[in-house]
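**Student:** model this:
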Amino acid sequence: MCKSNPRGGSLETNRFLKSPTRGGVPAATATLREAARAGLEPLEARYLLTTYYVSTGGSDGSAGTSDAAAFATLQHAADKVKAGDTVIVRAGTYASGFAIGYNTPQAGTAAAPIQFLADPGVLVTGKAPHTSSSYLSAIDISNGCDYVTVSGFTMNDALANMSGAGIWVTNSAHVTLTGNTCTGTAKWGILTGFCDYLDIEHNTLSGVGQHGIYIGNACTSPVVMYNTSFNNGRSGIQLNGDKQENPATTGIIDHATIEFNVCYNDALTSSAAAISLDGTQDSVIGDNLLYDNHGNGIVLFPADGGTLNGGVDPASSNNLIVDNTVANTKYWSIQIIWGSTGNVVLDNVLWSDSAFGSYGSIECDAASQGGFHSDYNLVEGTNPTNGAFNTDANDGVPLSFAQWKASTGQDAHSIALTSGAAAFAAYASPTSSSNDYHPKAGGPAVDTGAAALAGQNALPTDLDGNPRPQGAGYDIGAY
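**Tutor:** Reported below is the predicted structural model:
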């Protein structure tokens, strides 16, 4: 709708203000010249902000600036947005999504982001009309579209024309994706590449062909919090520095925050980890609940063992893995391999029911032992497959808990767990819907954790938002 002019009257939205002339020179220009002669700093240019509306009963021939004159398609609104504009999408099913940046960057600013806000009940069933990639996605944000927010959309591939992601974001910074749901897309729920300062929160990803959330290529400070990922072909959350595909880059994802996520029944078609970190450094992985996953729980590694590009692929080093509950993984609860040094593992539940077929709690190979610290965890005492611990990337040195402690000096205060029923508020069997992974009152996870290890601190709140510590000490796990 039209915005009011604070000096009276109304102004056309989404345009520069138009000024009268003074002596054949636009008045604004004359004013700037006079200010310069007087030694005054001119005011910065200002844009009018526009709110656009989209509804299934609208028309792209309308003005789009009110519910009564809403656009019909998401793309028509997307083609118009500039810094500070907002698109409000009313409930309904939309046969195609939208793309921005496919011709020229459409960027917001920190003070004036571009926002796409969907009401409850918005469903996108097909790809965007335009694309920046051969992978066709419902929402495509690319090529310098900084400071963009996408919130509240539900996407599925009902029209079977999405070969890519629900949401695809590349070469754009300060993008916020929150409260979206992606179901059944061909490859990814959310995919990003070369995107600094991402904020991915409160999204639900399920039934996609590969990863629920995939953050690719070198980037700094991504935030991945409060997301739920389940029933996906590969990882629930994958961070992949991708130096092997982009040798000119650092191949490092640094200072990531991966907290308060829930991943279950992922890796249905592969041995991928629930949380997979390739080339990830100086990051925090905490307060995540991972259960009934068919690969590893959390894995830190460089791609292909660092053997590509002359062995220069960066390892996943100097990370904190803290306050996670990892229950019932097919392979390792935590795997740290191929030169991924300097990692700290504190206050985690790392246990799998033998009926689920787990390898064990921790595999940390010899090349990754430098600067490695692990303690105050709840772990398996032994395991019929690989001993519960291992110091070989190829699972070649199986160790019991006692052997692990003696040979590595790690986990001196950790506790061997005998059963799920002993540790959790409710536990029947793997995959049971009645399982409750909160700590059992008086159980081995209660008050047996620590506030810090090797200079790294436990997180101040748990997955339920309760402050730590509760009671006499820190609890182990996500709660």
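**Student:** for the protein, what helix or strand is lowest in average pLDDT?
**Tutor:** In the chain, the helix or strand scored least confidently by mean pLDDT, DSSP states H and E is strand 10-11, which has a mean of 28.
**Student:** quick one: the helices in this structure?
**Tutor:** 27-37, 74-78, 401-408, 420-423 (DSSP state H).
**Student:** and those, which one's lowest on average pLDDT?
**Tutor:** Lowest mean pLDDT of the helices of the chain: helix 27-37, a mean of 40.
**Student:** mind showing which ranges of the stretch 251-400 of the chain have poor pLDDT?
**Tutor:** Across the stretch 251-400 of the chain, residues meeting the criterion (pLDDT under 70) sit at 304-312.
**Student:** for Val349, grab the count of nearby residues.
**Tutor:** Look at Val349: counted by other Cβ atoms under 10 Å, it has 31 neighbours. C-beta coordinates here come from the backbone N, C-alpha and C atoms, glycine included.
**Student:** roughly how far does it sit from Val446?
**Tutor:** 12 Å (Cβ to Cβ, to the nearest Å).
**Student:** can you give me the end-to-end span of stretch 190-207?
**Tutor:** End-to-end distance of stretch 190-207 (Cα to Cα, to the nearest Å): 12 Å.
**Student:** residues of that stretch that come out buried?
**Tutor:** Buried positions in stretch 190-207, judged by neighbour count with 16 or more other Cβ atoms under 10 Å: 190-195, 197-201, 203-207.
**Student:** just the closest of those residues to Glu363, please.
**Tutor:** Leu205 (26.7 Å; Cβ to Cβ).
**Student:** do I have it right that that closest one meets Asn231?
**Tutor:** No - Leu205 is not in contact with Asn231 according to Cβ atoms under 8 Å; the separation is 9.2 Å.
**Student:** now do the same contact list for Lys127.
**Tutor:** Residues near Lys127 by Cβ atoms under 8 Å, 6 or more residues apart in numbering: 96-97, 136-138, 159, 161-164.
**Student:** export the residues you listed as JSON lines, with columns for distance to Ala107.
**Tutor:** Shown next, in JSON lines, are these (distance: Cβ to Cβ, whole Å):
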{"residue": "Ser96", "distance to Ala107": "23"}
{"residue": "Gly97", "distance to Ala107": "19"}
{"residue": "Leu136", "distance to Ala107": "23"}
{"residue": "Ser137", "distance to Ala107": "19"}
{"residue": "Ala138", "distance to Ala107": "21"}
{"residue": "Leu159", "distance to Ala107": "30"}
{"residue": "Asn161", "distance to Ala107": "28"}
{"residue": "Met162", "distance to Ala107": "25"}
{"residue": "Ser163", "distance to Ala107": "27"}
{"residue": "Gly164", "distance to Ala107": "22"}
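**Student:** tell me the bridge partners for Val262.
**Tutor:** For Val262, the beta-bridge partners are Thr228, Leu289 (DSSP bridges).
**Student:** which residues touch Asp375?
**Tutor:** 345-346, 410-414, 450, 453.
**Student:** among those residues, filter down to the buried ones and hand me the PyMOL syntax, if you would.
**Tutor:** Of the contacts of Asp375, the buried ones can be selected in PyMOL as follows, counting by 16+ other Cβ under 10 Å:
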select buried, resi 345+346+410+411+414+450+453
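**Student:** any chance of the contacts of Asp375 in a markdown table, with distance to Thr185 too?
**Tutor:** Output for the contacts of Asp375, formatted as a markdown table (distance: Cβ to Cβ, whole Å):
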| residue | distance to Thr185 |
| --- | --- |
| Val345 | 33 |
| Leu346 | 36 |
| Gln410 | 40 |
| Asp411 | 40 |
| Ala412 | 46 |
| His413 | 44 |
| Ser414 | 40 |
| Ala450 | 41 |
| Leu453 | 39 |
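**Student:** now, which of the contacts of Asp375 sits nearest Lys330?
**Tutor:** Once Cβ to Cβ is applied, the member of the contacts of Asp375 that ends up nearest Lys330 is Val345, at 19.8 Å.
**Student:** any idea how far the nearest residue to Leu74 once chain neighbours are set aside is from Gln75?
**Tutor:** Distance criterion Cβ to Cβ, 6 or more residues apart in numbering; nearest residue to Leu74, sequence neighbours excluded, is Phe98 at 3.9 Å. The spacing between Phe98 and Gln75, counted by Cβ to Cβ, is 5 Å.
**Student:** near Thr461, how many residues? Count them for me, please.
**Tutor:** 14.
**Student:** burial of the residue nearest to it when sequence neighbours are not counted, as a residue count?
**Tutor:** In space, and not counting its chain neighbours, Thr461 is closest to Pro467: 5.6 Å by Cβ to Cβ, 6+ apart. By other Cβ under 10 Å, the residues close to Pro467 number 8.
**Student:** show me what contacts Val122?
**Tutor:** Contact partners of Val122, counting by Cβ under 8 Å, 6+ apart, are 89-92, 94, 152-154.
**Student:** wait, isn't the residue nearest to Leu74 in contact with Ile141?
**Tutor:** No - when contacts are counted by Cβ under 8 Å, Phe98 is not listed as touching Ile141 (9.1 Å).
**Student:** please name the bridge partners of the residue nearest the centre of the chain.
**Tutor:** Nearest to the mean C-alpha position of the chain, by Cα atoms, centre = their mean, lies Val224 at 3.2 Å. Beta-bridge pairing of Val224 under DSSP bridges involves Ile200, Ile258.
**Student:** going forward, the N-terminal residue is numbered 16.
**Tutor:** Yep, numbering from 16; the last one is Val239 now.
**Student:** could you give the number of residues near the closest residue to Gly357 other than its chain neighbours?
**Tutor:** Excluding the flanking residues, the one nearest Gly357 by Cβ to Cβ, 6+ apart is Gly386, at 3.7 Å. By other Cβ under 10 Å, 12 other residues sit near Gly386.
**Student:** you'd agree Gly386 is up against Val360?
**Tutor:** No - taking Cβ under 8 Å as the definition, Gly386 is not a contact partner of Val360, at 11.9 Å.
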